[in-house]
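Trainee: No letters, just coordinates:
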């Protein structure tokens, strides 16, 4: 199996064949595919492919996937389909992006809101007082525009 073949299949829109390779990469956690997967995570407009790539990157567990996942998470093209991207961060060291993640609590889709809250909950004990304060500020700002129970829960976590 080779990364260039996967690259070619995705570029040519042969997603079914590409998914067979991606499944094997998920099982083997083959890091030689990391660059190609990150490239297509950023480039693809196909939500299903993007989500599958995000999950594979999570399975591989390489920290190099964090920045691209955050980049794609913030891109307008992922609005309404960010839950899986957030879920993919769960197995990675995302704490340096906790403020970005916190911003999705209560203001995006239900799935993304819940996953963001879960990520915050998993990280709260490792946050500095400054990080907690910045997250509280984000949540309080979102509460002004949106009365959401996830926002209330997040504030409770940060006390």
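Mentor: Arrived safely. This structure is a prediction, so every number in the text was calculated from the model and none was measured. Numbers count the residues shown, from 1 in each chain.
Trainee: quick check: longest helix of this structure.
Mentor: If you go by DSSP state H, the chain has its longest helix at helix 129-145.
Trainee: Output the contacting helices and strands for that helix.
Mentor: helix 98-102, helix 149-157 (3 or more C-beta pairs under 8 Å, 6 or more residues apart in numbering; DSSP states H and E). The C-beta positions use only the backbone N, C-alpha and C, and glycine is treated the same way.
Trainee: just these: most buried one?
Mentor: Mean neighbour count (mean count of other C-beta atoms under 10 Å) peaks for helix 98-102 among the helices and strands packed on helix 129-145, with a mean of 20.
Trainee: ok, back up a step: can you redo the helices and strands packed on helix 129-145 as a markdown table with distance to residue 48 and mean pLDDT?
Mentor: What follows is the helices and strands packed on helix 129-145, written out as a markdown table (distance: least, C-beta to C-beta, whole Å; pLDDT from 0 to 100):
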| stretch | distance to residue 48 | mean pLDDT |
| --- | --- | --- |
| helix 98-102 | 23 | 97 |
| helix 149-157 | 26 | 92 |
